[in-house]
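Novice: Whatever this is, show me its structure:
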Amino acid sequence: YQRRVHGDPNPAFYQTDLSTAPMEALKNTPLWEHLTDVVATMLKERPRDPLALFESISQLHAAGKHVPPAKHSLYSTNRPKVNLRVPSDTAWAASYATQVMPPKTRRKVAEDEEEQSVNTEQMEEAAALVSIPDVISEFDTFRQCGIGLLPTEIMRITVSMKRIQERFPVSRLRFWGKVTGLLRDYYIVEGEIDRDRTVDEPEEVPEDEEGKGLKVIEDDLNTFKPPKRPPTPPEPRGVGVNKYQYYVCTSNDWLNWVELPPCNPLHLQAARQAGKFFTGILDSHVLSHPPFPGLEKHYLRAQIARISHGTLAAPKDMYLSPDTRDDESEGAPKAYTVPAYEEVPTMQPQEVPDEDDEEARKTLSNWLSGYSGDVLLSPDNWVHVAPTILQTQGRATLFKLEEEEEAQAAEGAAPTPVERVNPLLSDLGHDTSVTVGNAQRQKFPPWSVRKAFHVPSFATRVYVLRSLRWPGAFVVARCTDQVRGASVTSVYIGNGLKMEERSNLSPVQTSAAYSSSGPPPGLLQVDGTPLDERQFTKPQTPPPADEDAELEEDE
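Specialist: Numbering: from 1, shown residues only. Predicted structure coming up:
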């Protein structure tokens, strides 16, 4: 067999007695290798009758050829194949340990090396004390209520929020929400400025360089020009609509966080009339009518301020009422509007009353019992925790010009009436209804409250407050029996538009110009037919005949 198959000319192999040969000598022979390959093939293929196929498999191995497996789709399925390759967009998680470790502050060049080392240590300690929330745990609560993002989005946000801590002087961070766009989505983080690490504010960019609205055909047709008034200055950082700073990244670049500019009253008032969807490009122009005086980053910042001041809420009695009006006497009906604040009052957490003060404990019975009895299912037991934005000035605090006050005092004229707003910590039950539609003008309640789940044996209850005026804004309160207060978290996931704005994205049609005087003459005339045209068309005189041509015809 060896001579026939392999052509071995060594006759000593055939003279060896294989029954008495050692095992090591047999393993070095070509016959052992051939039988090993044959047995391995049979164990792999597992034929029904291995003895009948032994000779054919041996011949295939001896000839050095293998039969390729049959390729057919008889037993194939439509299931997609599992892709075990790492996606290309996971570079952000390449070094997780580096992302979550405290940042190292860069050293600045200074003349005194000792002062420099002291300042560096202080900055490192301040950076290590930055409060970064546990976004994963927060969204576990939201997921129980049917709200939330994908797990990959939550993980990327948690890791990339460390970049904000490294680049910007913040003392506290909070995930504000997500604003969907036509091309990209915005992920927004709210930060509280750290006064100890605050750097010098950059110079204000002139309005010409900020970007103006593009000129379109409607701008030429619009001849109305509002009266010129002195521009209202924006509020400083840490006050009113600029109390917090906001940082944004897009869905295609999770590591590049951009600091949004402070909110300007001019942009906020123009955003109320824009009603445009976001594109996902911060430096793009906002094509709206009337034209928006800025870029999309200014429009986004204005919408964030409007959403925050209109939807931030908390259960009643969690804060001490800061409204101390002298003009309201005891026993008088409660006023649901107050003059605009010149300075936003500070809210203080509720204090535990003494056990002997029965009247105070009776007033705060819901707060002391952990809001038992499902009292939070009514919007009357929820209050606003953010001041109202003024309609006339686009600020949360009232701005007065000293020149106007002096001129009015000198002339003896009546002072300008002050806008009235809802007081801080006013209950949600007195908010105005949401009006939807242009024809029927249907009205809906501005808030809806529901219970996330109900298990009688559980001592913990979760309530979800949803804003119908700003779809996508949610406030979640977790309460426990016989535990004071509640833990409150909020999030926004939407397109950044108000219900009234998204229901009517076009200018309101004007009334008919001739509704009272009737149609102008000739407006209802019917177009003329070809017969009418021939009847009213003047007949054309034929041209004079040539005399020479007539003589030739006579001849």
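Novice: where's V248 relative to I188, distance?
Specialist: To I188, V248 is 5 Å away according to Cβ to Cβ, to the nearest Å. The way it works is simple: take the backbone N, C-alpha and C, and place the C-beta from them, glycine included.
Novice: Over to L31. Which of the three states is it?
Specialist: Following DSSP: H, G, I helix; E, B strand; the rest coil, L31 is assigned to helix.
Novice: for L173, that is, sorry about that
Specialist: For L173, the secondary structure call by three-state DSSP comes out as strand.
Novice: Based on its surroundings, how many neighbours for it?
Specialist: Neighbourhood size, L173 [other Cβ atoms under 10 Å]: 21.
Novice: Next, give phi and psi for P293.
Specialist: In terms of degrees, to the nearest 10, the main-chain angles of P293 are phi -80, psi 60.
Novice: L368 versus that one, what's the distance?
Specialist: Distance from P293 to L368, counting by Cβ to Cβ: 50 Å.
Novice: For the nearest residue to A274 once chain neighbours are set aside, grab the count of nearby residues.
Specialist: In space, A274 comes closest to S288 once its chain neighbours are excluded; the distance is 4.2 Å by Cβ to Cβ, 6 or more residues apart in numbering. S288 has 19 neighbouring residues, counting by other Cβ under 10 Å.
Novice: Contact partners for S288?
Specialist: When contacts are counted by Cβ atoms under 8 Å, 6 or more residues apart in numbering, S288 is found next to G213, Q273, A274, G275, K276.
Novice: so who does P349 touch?
Specialist: M318, Y319, L320.
Novice: Strands of the stretch 351-500 of the chain, start to end?
Specialist: Using DSSP state E, counting those that start in this stretch, the strands of the stretch 351-500 of the chain run over 382-384, 420-421, 434-436, 442-444, 447-451, 460-467, 473-480, 487-494.
Novice: which residues make contact with the shortest one from outside it?
Specialist: Residues outside strand 420-421 that contact it (Cβ under 8 Å, 6+ apart): T337, V338, P339, A340, Y341, P387, T388, L390.
Novice: Looking at those, spot the one nearest N256.
Specialist: P387 (32.4 Å; Cβ to Cβ).
Novice: Quick check, pLDDT for the closest residue to that closest one other than its chain neighbours.
Specialist: Using Cβ to Cβ, 6+ apart and skipping residues adjacent in sequence, the residue nearest P387 is A396, 4.4 Å away. Looking at A396, its pLDDT stands at 91.
Novice: quick one: A396 and V338, what's the gap?
Specialist: Taken as Cβ to Cβ, the span from A396 to V338 is 13 Å.
Novice: Who's the closest spatial neighbour of Q269, skipping the chain neighbours?
Specialist: Nearest to Q269 is G394, by Cβ to Cβ, 6+ apart, at 4.5 Å.
Novice: Count the residues that sit near that neighbour.
Specialist: G394: 25 neighbours (other Cβ under 10 Å).
Novice: ok, it - contacts?
Specialist: Contacts of G394 were listed using Cβ under 8 Å, 6+ apart, and they are T232, N264, P265, L266, L268, Q269.
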